[in-house]
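In: Provided below for reference: sequence and predicted model.
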Amino acid sequence: MAEIRLIVTNDFAQYKQILATVNAERLEPYIMEAQRLDIKPFLGEELYHDFVENVDTTNYKKLLSGGDYTYGNYTYYFNGIKPALVYFAYSRFLQNQGVTVTGFGVVQKKTEFSGQVDNDTLSRLVTSAREVGYAYLREVETFLDRNTATYTLWGYSTTRPHHGIRITPVAPDLEYNELTNKMISTNSGTDLEIESCDA
């Protein structure tokens, strides 16, 4: 069975403003790329393939588009995989927008009416879009964790990447004080160690 796209270009309008002048065909390869390289590793291979093959079933429609669910005594709402996929595809599209491979090499379109965005700005836009995608995936992760009886192929994969930033306090310099019989800090402040969790 051929792998289907979980979203279409019209789905972008709900989450991201992209001018109508952008050819929809330019977005399509990035949808599949994001689906395969961002969503598939997140879900795990078994759940991903079952999801793609059965996306029209009630449970998988909910996984894709979100909705209400009950956990414990509360009702929760989550947005589904669709917005995450839109933001991941958008970030991949941004990275390649304005660059065209021709028979004469790689070119960048320039006009007298507009200028290219500098690399720092583009990098911030790409990073921002990816972070929004990860935020939506965290909602999906919580939903799946709370509904393992329904989504039996979901598991805590050790190969599933975790993204974002982890901030860990670093122990200050400690010294034993005999008068108070306690450990005291010889450092006036708390240092933080920041580690990227993108894997």
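Out: Ah, there it is.
In: how much space is there between residue 38 and residue 120?
Out: Separation of residue 38 from residue 120 (C-beta to C-beta, to the nearest Å) stands at 23 Å. In this view, the C-beta of every residue, glycine as well, is placed from N, C-alpha and C.
In: Just want to know which of those two has more residues nearby.
Out: More crowded of residue 38 and residue 120, by other C-beta atoms under 10 Å: residue 38, with 24 against 8.
In: So this structure: which segments form each domain?
Out: For the chain, the structural domains run 9-146, 165-196, going by automatic domain parsing.
In: in this structure, which spans are helices?
Out: 24-34, 40-43, 45-53, 58-65, 81-96, 119-146 (DSSP state H).
In: deepest of those helices, which one?
Out: Each of the helices of the chain was given a mean neighbour count from mean count of other C-beta atoms under 10 Å, and the largest, a mean of 23, is that of helix 81-96.
In: can you give me the angle it makes with helix 58-65?
Out: Put simply, helix 81-96 runs at 40 degrees to helix 58-65, going by axes from the mean of the first three to the mean of the last three C-alpha atoms, to 10 degrees.
In: Wait, residue 9 touches residue 28, no?
Out: Yes - applying C-beta atoms under 8 Å, one finds residue 9 in contact with residue 28, separated by 6.8 Å.
In: And the contacts of stretch 132-149?
Out: 38, 42, 63, 66, 69, 71, 76, 78-81, 83-88, 91, 151, 154, 163-164 (C-beta atoms under 8 Å, 6 or more residues apart in numbering).
In: Tell me the buried residues in stretch 5-20?
Out: 6-7, 9, 11-12, 15, 18 (16 or more other C-beta atoms under 10 Å).
In: Check stretch 145-158 too.
Out: Buried residues in stretch 145-158, counted by 16+ other C-beta under 10 Å: 146-147, 151, 154.
In: Verify the contact between residue 33 and residue 91 for me.
Out: No - counting by C-beta under 8 Å, residue 33 does not reach residue 91; the two are 10.4 Å apart.
In: quick one: least confident helix or strand in this protein?
Out: The weakest-scoring helix or strand in the chain, judged by mean pLDDT, DSSP states H and E, is strand 165-170 (a mean of 43).
In: how about the closest residue to residue 55 other than its chain neighbours, what does it touch?
Out: Excluding its sequence neighbours, the residue lying closest to residue 55 (C-beta to C-beta, 6 or more residues apart in numbering) is residue 64, at 6.1 Å. By C-beta under 8 Å, 6+ apart, the contact list for residue 64 reads 6, 51, 55, 80-82.
In: Done for today, thanks.
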